[in-house]
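Novice: dropping the sequence and predicted coords here.
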Amino acid sequence: MCSYLIYALLILSSLITDMCCLRIAELRISPPAVQRGARATLECLYDLQGAPLYCVKWYRGRHEFYRYTPGDRPHARIFPFSGIYVDLSESNSTQVMLQKVGFALSGNFSCEVSADQTFSTAIASAHMEVVALPEGLPVIVTERPQYDPGDILRANCTAPPSRPLVNLTFLINAMQISPGLLRHQPADEGLHKAELSVSLLLLPEHYLDGPPILRCLARVLDLYNKVVELPLRESDGPPRIGRVTSSTGCKQSNVNYMTLAVMTIFYLIKFKCVT
Ligand SMILES: *[C@@H]1O[C@H](CO)[C@@H](O)[C@H](O)[C@H]1NC(C)=O
Ligand SMILES: *[C@@H]1O[C@H](CO)[C@@H](O)[C@H](O)[C@H]1NC(C)=O
Ligand SMILES: *[C@@H]1O[C@H](CO)[C@@H](O)[C@H](O)[C@H]1NC(C)=O
Ligand SMILES: *[C@@H]1O[C@H](CO)[C@@H](O)[C@H](O)[C@H]1NC(C)=O
């Protein structure tokens, strides 16, 4: 007897779920990383499967800021939330347009859809990131104007202020230099200026294809991607090590290689002691 009742309930509940097939596909924010001060469109993709819409509620975190109810006049209601400016003319039952977005709005947004009659509800969430990209290119500064094999290269790469912080990477030719010290200084309006310092012992292999090229890669999410290059100048004077092809020059270059090897070992030891 009891089991019949359970079967009946199961069949009934499956019928009800078939009837009220409110489905939310997703909450789509475009652009996902929005420039501070710009506009962002939040789109709620749902399918009521024929049922009439009761209402759509929009949340930033747990705070409701916009509600669309077709049965109400007017349809739209705004609940004040610091920093949210809804553009009513561009908002309706499927989307909300935010204008003049500020950093404080970075966070989770949700839309909650309720169908009329069945009273079924569904919810979708997405994260919005408010960014400020660097204005301009990063700048490389080296300690000295000229570098030869055996020298220690000390350089900084500094990016214009941004939020989030710029990710900086140094390369010598195409090889990544193990990251040095990354500093960040606060700038205006909650932005930060990133500065990466490196020091590297220059080896003859860095000079195989001519003077080495120092590169600084700067990246913010997928939105800002820059490379700046600085070819290192060799000091003027006699022909450089490893470039001499005459027989006498060969001897000369061997001697230089010896000096260089000694210097390299010296610097390696010095570096080991320091670190
Ligand atoms: C909501 O507004 C957008 C842009 O104005 C429009 O593309 C979309 O079709 C509208 N949706 C509905 C359900 O009216
Ligand atoms: C935002 O949503 C993500 C994924 O649902 C969650 O992991 C995170 O804790 C949420 N953040 C906040 C501040 O609620
Ligand atoms: C790199 O930056 C640090 C700190 O700002 C500074 O002390 C150092 O002199 C800079 N080095 C070069 C090569 O500019
Ligand atoms: C920064 O960029 C480097 C090289 O592209 C990458 O290995 C590293 O994971 C990035 N760091 C962050 C915090 O994105």
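Specialist: Alright, I've got the coordinates. Numbers count the residues shown, from 1 in each chain. Ligands and ions are numbered 1, 2, ... in the order given.
Novice: from here on, just use CA atoms for contacts and neighbour counts.
Specialist: Will do.
Novice: and residue 202, what is it in contact with?
Specialist: Neighbouring residues of residue 202 by CA atoms under 8 Å, 6 or more residues apart in numbering: 148, 149, 150, 151, 152, 153.
Novice: what lines up beside the helix or strand that residue 66 is a member of in the sheet?
Specialist: Residue 66 belongs to strand 63-68 when assigned by DSSP states H and E. Here strand 63-68 is paired, per DSSP bridges, with strand 53-60 (antiparallel), strand 76-78 (antiparallel).
Novice: enumerate the residues of this structure near ligand 1.
Specialist: 90, 91, 92, 93, 94, 95 (CA under 6 Å from any ligand atom).
Novice: let's see it at 8 Å
Specialist: 89, 90, 91, 92, 93, 94, 95 (CA under 8 Å from any ligand atom).
Novice: and the last one, what does it touch?
Specialist: Shown here is residue 95, whose contacts under the criterion CA under 8 Å, 6+ apart are 41, 42, 43, 44.
Novice: name the nearest residue to it, sequence neighbours excluded.
Specialist: residue 43 (4.3 Å; CA to CA, 6 or more residues apart in numbering).
Novice: is it true that the one you found touches residue 29?
Specialist: Yes. Between residue 43 and residue 29 there is a contact under CA atoms under 8 Å: 6.3 Å.
Novice: neighbour-wise, which of these two wins?
Specialist: The neighbour comparison of residue 43 against residue 29 (other CA atoms under 10 Å) goes to residue 29, with 22 against 19.
Novice: pLDDT score assigned to the residue in the stretch 151-275 of the chain that ligand 1 sits nearest to?
Specialist: Closest residue of the stretch 151-275 of the chain to ligand 1, CA to the nearest ligand atom: residue 223 (25.2 Å). With respect to pLDDT, residue 223 scores 91.
Novice: one more: residue 167?
Specialist: Residue-level confidence at residue 167 comes out at 96, pLDDT.
Novice: what ranges does the stretch 151-275 of the chain have for its strands?
Specialist: Secondary structure of the stretch 151-275 of the chain, counting by DSSP state E, counting those that start in this stretch: strands at 152-158, 167-172, 175-176, 181-186, 192-201, 213-220, 224-231.
Novice: check which helices and strands the fifth one sits against.
Specialist: Same thing as strand 192-201. Contact partners of strand 192-201 among helices and strands, from 3 or more CA pairs under 8 Å, 6 or more residues apart in numbering; DSSP states H and E: strand 152-158, strand 167-172, strand 181-186.
Novice: reformat those as JSON lines; add mean neighbour count.
Specialist: Output for the helices and strands packed on strand 192-201, formatted as JSON lines (neighbours: other CA atoms under 10 Å):
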{"stretch": "strand 152-158", "mean neighbour count": "19"}
{"stretch": "strand 167-172", "mean neighbour count": "20"}
{"stretch": "strand 181-186", "mean neighbour count": "13"}
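Novice: would you turn these into a markdown table with distance to ligand 3?
Specialist: Below are the helices and strands packed on strand 192-201 laid out as a markdown table (distance: least, CA to the nearest ligand atom, whole Å):
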| stretch | distance to ligand 3 |
| --- | --- |
| strand 152-158 | 4 |
| strand 167-172 | 13 |
| strand 181-186 | 8 |
